[in-house]
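structure, please.
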Amino acid sequence: MLSFKQPNHFQSLMVLQWPLSYLILFWIFPPLSIYLLFTSWWSLSALYFAWFFLDWKTPEQGGRRSAWVRNWCAWTHIRDYFPISILKTKDLSPEHNYLMGVHPHGILTFGGVCNFCTEATGFSKIFPGITPYLATLSWFFKVPFLRDYLMAKGLCSVSRSAIDYLLSHGTGNLVGIVVGGVGEALQSMPNTTTLILRKHKGFVRTALQHGAHLVPTFTFGETEVYDQVLYHKDSCMYKFQRHFRQIFGFYFCVFYGRGFRQGSTGLLPYSLPIVTVVGEPLPLPKIEKPSQEVVDKYHALYMDALHKLFDQHKTQYGCSETQKLLFL
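Residues are numbered from 1 along each chain as shown. Below you'll find the model as predicted:
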């Protein structure tokens, strides 16, 4: 049974800045830079926008990661707030490339971001020679300043061209895709282990085309750190959520957790353990134009491997023996 702990206030502030930093970079920095064009500081904005347009291909060509950003001490405080950890079950050889399924999405994907976009849990020491990337919505990389911050942490566009580039240039690249996507976020609730996976087969086709190994992962505790208000499909709020997704690419989730004071309600996540278990890689042949039958075959093998990974570790990380992993 998972139990709450009481993090210190500094750890709480570090966790709070996680989503706030994205909001600031999205809503404040771009308008501010446009405003500066009409002031005596116009040259700073002009130089950045010139760089922005010259550098527009970088997110599709491996990005521009920063070891300095990935090693910020802020990430270790976020790690300790829950705490967050990563468990390796098998080595990953630097001689291959890997396409990794990240499950489940949760609300903010704390486990995936902390484990693969920072060095807080020691990814480079646990998997030497492997360079991790985590794919996210492509339009994020069209937003000034936000794109640079995301690339520095090792996030990449989920576009086909960006993933193709990483899987075809060198070896030792590990590209993580949150396969269930934003649809899973809307279903994220404590004690739920339902994944949107049955019809999502594009990542398997891509892996086959590059001969990349498939790596299943499951993050225990990801859906436990927030409660969410779920709306009926006929409600106005649900319709608003659907329209919001059509515009921005992700759902407007109404969620809550704890506040700064013990026992209070707020937007901080519950301080519960989050553990990402990285499974054994599934070798795939390289087939330039795989048939649907071949894609279905390896998709079924992947689901079976993910199911076994969950069953092997569920009781150790807070799930009951009777808990089932369900695929939609």
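
tell me the contacts of the residue nearest to the spatial centre of the chain?
For the chain, residue 112 is the residue whose C-alpha lies nearest the centre (Cα atoms, centre = their mean; 4.5 Å). Neighbour list for residue 112: 102, 134, 176, 178, 219, 222, 276 [criterion: Cβ atoms under 8 Å, 6 or more residues apart in numbering]. (Each C-beta comes from the backbone N, C-alpha and C, glycine too.)

same check, this time on residue 63
133, 150, 151, 154, 155, 156.

so what's the second one closest to, chain neighbours aside?
What that stands for is residue 150. residue 140 (6.0 Å; Cβ to Cβ, 6 or more residues apart in numbering).

burial count for the one you found?
21 (other Cβ atoms under 10 Å).

before we move on, the earlier item: before we move on, which element is the residue nearest to the centre of the chain in?
Residue 112 is part of helix 110-116, with elements assigned from DSSP states H and E.

what about the residue nearest to residue 250 when sequence neighbours are not counted, how many neighbours?
Take residue 250 and drop its neighbours on the chain: the residue closest to it by Cβ to Cβ, 6+ apart is residue 182, 4.3 Å away. If you count neighbours by other Cβ under 10 Å, residue 182 ends up with 16.

residue 182: what secondary structure?
Here residue 182 is helix, with the state taken from DSSP: H, G, I helix; E, B strand; the rest coil.

which residues are in contact with it?
Counting by Cβ under 8 Å, 6+ apart, residue 182 has contacts 105, 245, 249, 250, 251.

how about residue 305?
214, 216, 279, 280, 282.

among those residues, which one lies nearest to residue 291?
residue 214 (17.4 Å; Cβ to Cβ).

tally of neighbours for that closest one?
23.

check for me that it belongs to a strand.
Yes: counting by three-state DSSP, one finds residue 214 located in a strand.

which pLDDT value does the model give residue 206?
Residue 206 is assigned 98 on the pLDDT scale.

just the one 5 residues further on next, same as before
As predicted, residue 211 sits at a pLDDT of 98.

look up the closest residue to it, ignoring the ones flanking it.
In space, residue 211 is closest to residue 286, 2.9 Å off (Cβ to Cβ, 6+ apart).

A helix includes that neighbour, no?
No: if the criterion is three-state DSSP, then residue 286 is coil and not within a helix.

from residue 95, how far off is it?
Noted for residue 286: a distance of 14 Å to residue 95, by Cβ to Cβ, to the nearest Å.

pick out whichever of these two has more residues nearby.
For residue 286 versus residue 95, neighbours defined as other Cβ under 10 Å are more numerous around residue 286 (11 against 8).

got phi/psi on that one?
phi -90, psi 110 (degrees, to the nearest 10).

let's have the chain start at 16 instead
Happy to do that; since the first residue is 16 now, the last one works out to residue 301.

contacts only, for it.
223, 224, 225, 226.

thank you kindly, that will do.
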